[in-house]
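Novice: output the structure for:
(3 chains)
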Amino acid sequence: MIVAERKPLEQVEAMIDGFERILVVGCGTCVAVCMAGGEKEVELFAAELRMKGKLDGKQRTIDEITITRQCDMEYLEQLAKYVDDYDAIVSTACGAGVQFLAERYDEKLVLPALNTRFIGVAEGAGVWSQRCMACSDCVLDQTGGICPMTICAKNLLNGPCGGTDHGKCEVDGEKDCAWTLIYRKLEKIGRLDTMRKIQPPKDYSLMTTPGKYTHEAFKETQAEDEE
Amino acid sequence: MSKDNAVQPFEPKVVAYCCTYCAYTAGDLAGSMRLEYAPNVRVVKILCTGKVDAILLLRAFEDGADAVYVAGCAIGDCHFLEGNLRAIQTVAYTKKRLAEIGLEPERLEFFHVPASDGPGFADAANEMTRRAKTLGPNPLRKSITQAAGRKLAKESDEHPPLPEAVLGKLIHHSERTTVG
Amino acid sequence: MVAAFKQAFAEKPFVVTAEVGPPKGTDVSEMIEHIDLLKDKVDGLNVTDNQSSVMRISSLAVCRMIVDRGGEPILQLTCRDRNRLALQSELLSAWVLGVRSVLCLTGDYISVGDHPQAKPVFDLDSVQLLQTVGLMNNGKDLAGNDMKGPTGFFAGAVVTPEADPIEPQMLKFEKKIAAGAQFIQTQAIYDLDNFKRFMEQARRHNVKIMAGIVLLVSAGMARYMNKNVPGIFVPDDLLDEMAGAPKEKRLETGIRIAGRMIKQLREEQVCDGVHIMAIGKESCVPDILKAAE
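Specialist: Predicted coordinates:
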């Protein structure tokens, strides 16, 4: 899941300064789960913007709507009949959602209310951690299901650096050393030999941005469309 | 108009979200005990303080409350085990939101009021009324005319939803293969 | 042309190198003093590469200065600041400028240094960098292209004998040797018994081991390293020895300890040499060497 966090209120305040009619658009998928931009968070955020505006003596109307997803045109379509009424749209989606919303309504000013953090998992109530950096060439089979690209700050593929400290990382003593975890896991499942193999340099061409991917099943239809 | 009416003292509006098992019962007890407490408090009975959400607290302020508090069970005594602990977190979180908006976080508080603690109920009511009086009226009450904002209706998705995915059900290999 | 540093291993039972830290800024006078003082007393001068992620003069420039002054430089090359193009380009440049030995390191993380907002690179890791050096020594670059003229580097790597846990560290140590490391420089060691245990394992491999010696200047520094530097362990008896010394004798005590350790390593033939890191006190290296006689 994409994990995001809300920007400080004052940052969003600065973005919407001078606008009177504002629509806050929530996203009901990843950011709803990580409590950053779903229906509930939109309600809270809109209330904050209203109260702040009132306290600062600003003339401002804040409306709110949350759609299923902002990364699919079908759902963005539902906003078509509303957007003309607003001076600015504040999106509480991840960066991808904000961009798609801005692309769909390209005559509108679309503003981000969140900072997108990473692809991660829920470690506990209200705590998320990064687990994947979308390298496009998964090596988890070699590393006992622990990602050296993500969990190791230096993205090392061949073992720990000298900064490993009692199983913790030199970069942040709170975080585990990826290669200590990998070693322990591979030892446990009897696959240390995979760690003895020298991994070749990563193919970073696969990570060239912007990434684009067409599902195999859709390749032919796409080609037909282009003809 | 008499002179006395001209300088009417500020009487704050205080909203209290009270747990039905403890603080609300303590309120009853305070009544039975003939305890006097600030008449400014409007009590909202809730099943558990764990149900209190940041938006509920924020709405009270948006609608003009001068102070808001949540009164729940003593630590370890929650009828639902940890509702009061969640409420403490929610109140702390909402205080930060208030500060962000520019309202004094002291206008919001959490109190532990066991069912047997009639005087505790009265103390909480008096304390929050005192705070509201010290801080003055909620500035949001000053009538700045502003459209309230609305929630737009989201129409049901254009395409009918796909059949429910079977989540959490183990499908055995054999269910997917035909014999023969 | 064989690196004089490599040659030293063939000719001497015990090889000594010292570390040179390039300055931040253009005033190189103090560093040149150190180079001139040390170049004939040691078998190689090992030049750090933006040490501790702090921006300084490049290792390569200082290596060339050492060549010009008749010394034997060892280029340190980290993966932190350069991608594979820059690393290979640096290696070619080093070779044509007369540098014959290279120490391949992963490098400290960016956040420990003075530009913590910089983009970390880590395109290759130290093992892959060692392999790259091997390819270039055979006239090929990392992409498999033929080069006009190969390099002939004597390549080395580092290991932390006190790492905890040690097993993954040893596994990587073996990979570094498999990837072409011919000499290994260790993180600072203070506990010789621990180091001997490490050497029992290391001796199984055909590689020269240089023990890292960091000059202690106070008990406070020792405690600081124990607490904050991963893989460094100063045992209590050395801590007591430093703490027991009066203020004006502290440096002298540190020099005595370093000299004693070097002497013991040499006489007992524990390893193939030492690498002396007298961080900020380079002028003390001759005294350390004297104390080790």
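Novice: make it CA atoms for all contacts and neighbour counts henceforth
Specialist: Will do.
Novice: need the three-state assignment for residue 111.
Specialist: Assuming you mean chain A. Classification of residue A:111 by DSSP: H, G, I helix; E, B strand; the rest coil places it in strand.
Novice: now the one 5 residues further on
Specialist: On the three-state scheme (three-state DSSP), residue A:116 is labelled strand.
Novice: if you skip the residues just before and after it, what's nearest to it?
Specialist: residue A:4 (4.2 Å; C-alpha to C-alpha, 6 or more residues apart in numbering or on different chains).
Novice: correct me if wrong: the one you found contacts residue A:29.
Specialist: No. When contacts are counted by C-alpha atoms under 8 Å, residue A:4 is not listed as touching residue A:29 (11.6 Å).
Novice: neighbour count: these two, which is higher?
Specialist: For residue A:4 versus residue A:29, the count of surrounding residues by other C-alpha atoms under 10 Å in any protein chain shown is larger for residue A:4: 27 against 20.
Novice: ok, now which ones touch that one?
Specialist: A:31, A:34, A:36, A:94, A:114-118 (C-alpha atoms under 8 Å, 6 or more residues apart in numbering or on different chains).
Novice: that one in helix, strand or coil?
Specialist: Residue A:4 ends up strand, using three-state DSSP.
Novice: could you check how far it is from chain B?
Specialist: Here residue A:4 is placed at a distance of 18 Å from chain B (C-alpha to the nearest C-alpha, to the nearest Å).
Novice: swap in residue C:57?
Specialist: Distance from residue C:57 to chain B, by C-alpha to the nearest C-alpha: 46 Å.
Novice: any idea what the closest residue to residue C:15 other than its chain neighbours is bridged to?
Specialist: With C-alpha to C-alpha, 6+ apart as the criterion, residue C:15 has its nearest non-adjacent residue at 4.3 Å, and that residue is residue C:273. Beta bridges link residue C:273 to residue C:15, residue C:210 when assigned by DSSP bridges.
Novice: outline the domain layout of chain A.
Specialist: Per automatic domain parsing, the structural domains of chain A span A:2-118, A:134-201.
Novice: mean pLDDT and distance to residue C:254 added to the ones you listed, as JSON lines?
Specialist: Shown next, in JSON lines, are those (pLDDT from 0 to 100; distance: least, C-alpha to C-alpha, whole Å):
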{"stretch": "domain A:2-118", "mean pLDDT": "95", "distance to residue C:254": "48"}
{"stretch": "domain A:134-201", "mean pLDDT": "95", "distance to residue C:254": "24"}
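Novice: so where do the strands sit in the chain?
Specialist: Because you didn't say which chain, this covers chain A. Applying DSSP state E to chain A gives strands spanning A:2-6, A:21-27, A:61-67, A:88-91, A:110-112, A:114-124, A:127-132.
Novice: hmm, I had chain C in mind actually
Specialist: Listed in chain order, the strands of chain C (DSSP E) span C:15-20, C:44-47, C:73-78, C:101-105, C:154-159, C:183-188, C:208-214, C:273-277.
Novice: next, count neighbours for residue A:87.
Specialist: 16.
Novice: quick check: it touching residue A:24?
Specialist: No. Residue A:87 is not in contact with residue A:24 according to C-alpha under 8 Å; the separation is 11.3 Å.
Novice: what score does the residue nearest to residue C:15 have for pLDDT?
Specialist: pLDDT for residue C:273: 97.
Novice: thinking it is in contact with residue C:14, fair?
Specialist: Yes. Contact criterion C-alpha under 8 Å: residue C:273 and residue C:14 qualify, at 4.6 Å.
Novice: which one of those two has more residues nearby?
Specialist: Neighbour tally, residue C:273 and residue C:14, criterion other C-alpha under 10 Å: the higher count belongs to residue C:273, 24 against 20.
Novice: show me the contacts for the more buried one.
Specialist: Contacts of residue C:273 (C-alpha under 8 Å, 6+ apart): C:13-16, C:209-211, C:265-266.
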